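Colleague: Here is my input; please provide its structure:
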Amino acid sequence: MKLEFNLTIDDLLYFTGGKSVLAGESMVFNEIFTNSRDEFSAYSIFVAFKGKRYNGENFVGDVFKKGASCALVSWDFLEKHNLSEYKGKTIIAVNDTITAYGKIAGKYLGFFGLKKKIAITGSTGKTTTKEIAYKIFRDNFGEGAVLKNEYNFNNLIGVPKTILGLNKKHEFMILEIGTNIKGEIHDLSDIIKPDITAIVNIGKSHLQEFKTMEAVLEEKFSAIYSMKNGSFFILNGDDPLLSKKYDSVNGINFLSFGINNLNNTDIKAKDIEFKEGAAKFNIIFKEKEYTIRLSISGIHFIYDVLCALLIGWTCGIDIEAGINAIKDFKLPKGRMEIVASNPDGSVIINDSYNSNPDSLKAAFDSIRLSYPDKKKILVLGDMLELGESSEIEHFNAGRAAAKFADYIFYMGNYGKYLLDGLVKDGFDRSKVIMCRNGDFFRKKFSEVDKRNSVILIKGSRDMQMEKYFEEK
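Modeller: Predicted structure coming up:
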């Protein structure tokens, strides 16, 4: 990645706390990479990450042969490699290369006089909220003025990578930040030092790591400790856990969003109507009322809209301008995405980006409310990273599905528990198909009458549920 500002060897040592164990000819660098397959110049830095399935340090020699002049490695590298093989190159040893990468990004961020740095987190909805906010900022300040993270670049590698892509035209930075290990939100916020932080909700995600929703709350809320006085913290006022945190830290401005005036939130939605993938509702803010129509389906997306509008308002974008910016907003791929509307009246909705108990419930509610007169066919996969809660949450999902579903197809290891929940609530066992593989699913799926139906595809990201609908 090309850098807007050069980094010197002294910068790297100061930012990372590392030590130069081999000094080369180049002392100034204008590119930084983490992928050994990239093309390198004589002014490139390679950061060698180590993970469970890979070790970037194994490719340092190859990277140097391709032209790079500097590598960041762990101290372990020195024990396994002969430094004399890298004559003329610079090697900096650090305790942890991922941490060092974040420190470089955090200091590099200080080179830019951004007007506002925005961090968005939550158990569900953070990507959609980020995309809505980005649309609001882009339409009001211009596309080149706003940087966002792409794809799922929301962790300790993705966020620094995004920051290192800043240029002088950027005025605002909107980043979603996620977590699946304790302390990650704190570390990411320490890199960003956000002026505005938003928590969309607290739900049953990553329970394998955090065990309880209260622990999830504390992880998400830890972003506040990297914020300066006068910053804005935006919370879902309807969330029972977040509402306890409202206005709980001196020097921080708290704002809230909600539906139907619950908890006296700052921005509210009411009179909500859903119909076949679209929504109409009214927004109340500072005693003014606005009507909005969007191509979204589900209460959870309305919370995302309210949160994004409030983020825009803190940066000088009035609510009406924000609403005008998102009238043509389309949901990101894989999030209640209508992928087919067929002549037989069937509609296929791809919500396979991820799944946890909260997002699954939201998807169920969405298709029930938006398609009340259609049959409901569910194509479901495992909800992962739930730890000890996995069995009971799949059981509960079965009980929830039993109340409205007509047919259910299931892929994964937790189908037994979903089936137990379905049977508990009297669902017809013959209308549940446990699928061993894609070919078996396609055969059974082809035999079901799908006329006038809504078909929901939903599962955790690692399940890749969308692949079962790809043409072979």
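
Colleague: and whichever strand or helix holds residue 108, what does it pack onto?
Modeller: For residue 108, the host element (DSSP states H and E) is helix 97-109. Counting contacts by 3 or more Cβ pairs under 8 Å, 6 or more residues apart in numbering; DSSP states H and E, helix 97-109 packs against strand 2-8, helix 9-16, strand 44-47, strand 70-74, helix 158-163, helix 184-192. No exception for glycine: its C-beta is placed from N, CA and C like everyone else's.

Colleague: okay, the helix or strand just after the fifth one in PDB with CA atoms only?
Modeller: Counting by DSSP H and E, the next helix or strand C-terminal to helix 158-163 is strand 172-176. As requested, the backbone C-alpha atoms of strand 172-176 are provided in PDB (Å, rounded to 0.1, in the frame of the first residue of the first chain):
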ATOM      1  CA  PHE A 172     -13.800  12.100   7.900                       C
ATOM      2  CA  MET A 173     -13.100   8.500   8.800                       C
ATOM      3  CA  ILE A 174     -15.900   6.100   9.500                       C
ATOM      4  CA  LEU A 175     -14.800   2.700  10.800                       C
ATOM      5  CA  GLU A 176     -16.700  -0.300  12.100                       C
END
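
Colleague: Starting from strand 172-176, tell me which strands it pairs with and how they run.
Modeller: Applying DSSP bridges, strand 172-176 is found paired with strand 116-121 (parallel), strand 146-148 (parallel).

Colleague: Check whether residue 41 sits in a helix, strand or coil.
Modeller: Using DSSP: H, G, I helix; E, B strand; the rest coil, the structure places residue 41 in coil.

Colleague: do you know how far it is from residue 67?
Modeller: 6 Å (Cβ to Cβ, to the nearest Å).

Colleague: Format the helices and strands packed on helix 97-109 as JSON lines; extra columns: mean neighbour count and distance to residue 55.
Modeller: Formatted as JSON lines, those follow (neighbours: other Cβ atoms under 10 Å; distance: least, Cβ to Cβ, whole Å):
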{"stretch": "strand 2-8", "mean neighbour count": "15", "distance to residue 55": "24"}
{"stretch": "helix 9-16", "mean neighbour count": "17", "distance to residue 55": "19"}
{"stretch": "strand 44-47", "mean neighbour count": "26", "distance to residue 55": "13"}
{"stretch": "strand 70-74", "mean neighbour count": "26", "distance to residue 55": "10"}
{"stretch": "helix 158-163", "mean neighbour count": "23", "distance to residue 55": "19"}
{"stretch": "helix 184-192", "mean neighbour count": "22", "distance to residue 55": "21"}
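
Colleague: before we move on, back to that, select, out of the strands paired with strand 172-176, the one closest to residue 203.
Modeller: strand 116-121 (11.7 Å; Cβ to Cβ).

Colleague: got the contact list for that closest one?
Modeller: With Cβ atoms under 8 Å, 6 or more residues apart in numbering as the contact definition, strand 116-121 has outside contacts at 109, 126, 129-130, 133, 172-179, 185, 188-189, 192-200, 220, 223, 307, 311, 314-315.

Colleague: ok, 7 Å please
Modeller: 126, 129-130, 133, 172-178, 185, 189, 192-200, 220, 223, 311, 315 (Cβ atoms under 7 Å, 6 or more residues apart in numbering).

Colleague: elements contacting the next helix or strand after that strand?
Modeller: Following strand 116-121 in sequence order, the next helix or strand is helix 126-141 (DSSP H and E). On a contact count with 3 or more Cβ pairs under 7 Å, 6 or more residues apart in numbering; DSSP states H and E, helix 126-141 meets strand 116-121, strand 146-148, strand 172-176, helix 299-314, helix 319-325.
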